[in-house]
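> Sharing a model prediction with you, sequence too.
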Amino acid sequence: MQGSVGAGGDEQKPYFFLSYAHTPKSDPKDKDPNLWVQRFFRDLCAHVMQLTPLPAGSAGFMDQQMQPGEGWQERLSEALAFCKVFVPLYSPRYFLSEQCGREWFAFSSRAVHRPPPGMNNSGPVMGIVPALWVPVPARQLPQPAERLQFNHATFGDEYADEGFYGLIKLNYLRDQYERAVYRLAKRIVSVAQQTQLEPGDPYQDYAKVPPAFGPTGGPAREMEVSVLACSRSSLPTGRSPNYYGSESLDWNPYHAASSRPLADHTADVVRKLSYTVHLSDFEAEPQRLLAAGPPTGPGLLLLDRWALDARERRDLVAQLSVTPRPWISVMVPGNEADPQSRAHHEELSQRTEAALAARVNEADGHRTPSAGLPTLEAFSKAIPAAVKAAVRHYEANAPTYPPPGSGGPMPRVLPGGIGYGVSGASGRGHGMDDDLDEIDGTTDGQDTDQDKNNGDKAEGSSDD
């Protein structure tokens with residue numbers, strides 16, 4: 001960053017965060033290939049400074065600006081917690097970088113954990129302005145990037161074709177480079193002025209932030225998110241309807257801090273981990289979690305403690321636990337600001353604990369505490385661990401399908417070493433040369449015609 005981050009006034013907080021993948025040297029004697037990114041960063045900062053009244057040194061952050069001996073994780077966490085705009089610099093290497101994935105997740109979680117008042121965050125993640133370093137085919141984009149649907153051609157056709165790396169390296173595209181950098185700076189300023197993100201946690205353990213990108217180019221990873229909750233027509237006596245809607249999927253336990261159903265919020269977080277999500281009502285579609293046989297995919301169950309007042313719902317949870325299904329993680333939200341839940345805390349906790357009693361340890365399946373996760377932020381931070389546990393158990397229990405065919409021959413231990421040769425004839429020495437001869441169908445002292453031809457050619461090569 002051009003200035004320090006964190007403690008102090010706004011002048012010490014970055015306006016934008018440049019997230020990029022480091023390019024290694026092809027030869028130790030080469031100059032640092034990331035110098036081109038630093039030049040681009042300086043040019044972008046200069047334009048942002050012209051377009052805003054920012055004090056010197058507060059335009060942007062990139063990790064190359066950190067000094068040796070500084071707390072790397074702490075500085076990154078601070079910058080991601082306070083920056084107004086996140087600028088991922090797309091390249092094929094970017095979406096393979098775990099660090100870049102962590103940076104993306106940490107920033108986008110600010111919008112998910114605490115959306116600004118009056119905004120439901122139902123569209124693409126706010127505050128992210130992607131830039132092309134090297135163009136990446138759309139089919140190779142992971143879900144978080146694919147959902148942005150950003151039209152790069154608005155910065156110029158040459159930029160969309162070449163990216164900033166091509167524009168900065170080719171002298172005849174110098175004008176197009178300047179135009180694209182200026183338009184990106186204008187876009188950053190526009191988004192910063194229209195977006196009102198709450199600060200993130202500058203003290204979060206950056207090493208524990210999950211990467212936002214999963215494997216690309218392969219089949220999509222799927223996650224079932226199922227809800228067992230009351231609706232307004234099936235509430236226990238005296239329960240406030242403020243936390244519920246006409247369907248179970250409308251359940252919003254963190255009202256009034258959140259204006260969205262918990263299922264939608266959870267789906268957003270899981271999608272940021274590069275999963276496709278299927279939402280379901282556990283009571284209406286129990287077979288999606290209770291189907292007999294091997295698992296068809298990992299899942300999360302969001303459990304409303306008030307819903308366990310009904311015996312049929314308690315029976316559903318019992319079925320989930322009687323036959324072990326550890327690939328389904330159970331998450332139990334609470335709300336420390338809900339006066340009814342506080343008043344019935346012991347009763348709700350005991351009922352939930354009884355319903356999940358079969359899940360004694362992690363081997364039985366992941367579950368959050370029966371007392372409930374007290375805030376939306378705590379719930380959001382618990383989702384990656386629940387997803388990871390569900391996937392781990394699914395991979396351990398899912399059926400495996402070996403590739404078709406009989407496979408190759410089994411290796412044999414030969415006197416000359418391990419190989420795929422045929423065992424030697426009894427009564428004579430059998431070395432590696434013999435093995436190779438037998439594989440070729442020849443024996444000692446017998447040369448193939450090809451060998452003779454090659455020998456003749458070698459002998460006559462000096463005359464050519």
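Noted; the coordinates are in hand.
> List the contacts of S370.
R305, V332, S349, Q350, T352, E353, L356 (Cβ atoms under 8 Å, 6 or more residues apart in numbering). Where you see a C-beta, it was placed from the backbone N, CA and C, and this is true even at glycine.
> Can you tell me the element it falls in?
According to DSSP states H and E, S370 maps onto no helix or strand at all.
> Next up, phi/psi of it, please.
phi -60, psi -20 (degrees, to the nearest 10).
> Distance-wise, check it relative to M331.
Taking Cβ to Cβ, to the nearest Å as the measure, S370 falls 11 Å from M331.
> Kindly report the same for K388.
In this view, K388 and M331 are 13 Å apart by Cβ to Cβ.
> Which one's more surrounded, those two?
M331 (22 against 15; other Cβ atoms under 10 Å).
> my guess is the more buried one meets P369, correct?
No - using Cβ atoms under 8 Å, M331 and P369 do not qualify as a contacting pair, with a distance of 10.1 Å.
> The contacts of S370 into CSV, with extra columns for neighbour count?
Formatted as CSV, those follow (neighbours: other Cβ atoms under 10 Å):
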residue, neighbour count
R305, 24
V332, 25
S349, 18
Q350, 12
T352, 26
E353, 14
L356, 22
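> and these, which of them are in helices?
Those of these mapping onto helices are S349, Q350, T352, E353, per DSSP state H.
> from these, which is closest to A145?
Distance to A145 across these (Cβ to Cβ) is lowest for T352, with 38.0 Å.
> Nearest residue to that closest one in space, please, no chain neighbours.
Nearest residue to T352 in three dimensions, chain neighbours excluded: S370, at 4.0 Å (Cβ to Cβ, 6 or more residues apart in numbering).
> So that neighbour versus E346, what's the distance?
Separation of S370 from E346 (Cβ to Cβ): 11 Å.
> Kindly report the same for V191.
Applying Cβ to Cβ, the value for V191 to E346 is 47 Å.
> residue boundaries of the helices in this protein?
35-51, 72-82, 98-113, 143-146, 157-169, 174-194, 262-272, 287-290, 311-322, 339-343, 345-355, 376-397, 432-440, 449-460.
> buried residues in the first one?
Looking back up the chat, that one is helix 35-51. Residues of helix 35-51 classed as buried by neighbour count (16 or more other Cβ atoms under 10 Å): W36, V37, F40, F41, D43, L44, C45, H47, V48, M49.
> P199: how many residues sit nearby?
12.
> next one: R139
Neighbours of R139 (other Cβ under 10 Å): 8.
> Can you check what pLDDT the model gives it?
Among the per-residue scores, R139 holds a pLDDT of 87.
> Give the closest residue to T375 in space, chain neighbours not counted.
Leaving aside its chain neighbours, T375 sits nearest to E336 (6.5 Å; criterion: Cβ to Cβ, 6+ apart).
> residues contacting that neighbour?
R342, P374, T375.
> what's around E74, how many residues?
Look at E74: counted by other Cβ under 10 Å, it has 16 neighbours.
> And L376, by the same measure?
23.
> And for it, nearest residue in space, chain neighbours not counted?
Leaving aside its chain neighbours, L376 sits nearest to Y254 (4.2 Å; criterion: Cβ to Cβ, 6+ apart).
> how many other residues sit next to the one you found?
By other Cβ under 10 Å, 25 other residues sit near Y254.
> Same check on the one 4 residues further on?
The burial count assigned to S258 is 21, neighbours taken as other Cβ under 10 Å.
> Surely A263 touches E224?
No - using Cβ under 8 Å, A263 makes no contact with E224, being 11.4 Å away.
> I'd like to know the beta-bridge partner residues of the spatially closest residue to H278 that is not a sequence neighbour.
Among residues not flanking H278 along the chain, E224 sits closest, at 5.4 Å (Cβ to Cβ, 6+ apart). E224 has these beta-bridge partners by DSSP bridges: H278, G299.
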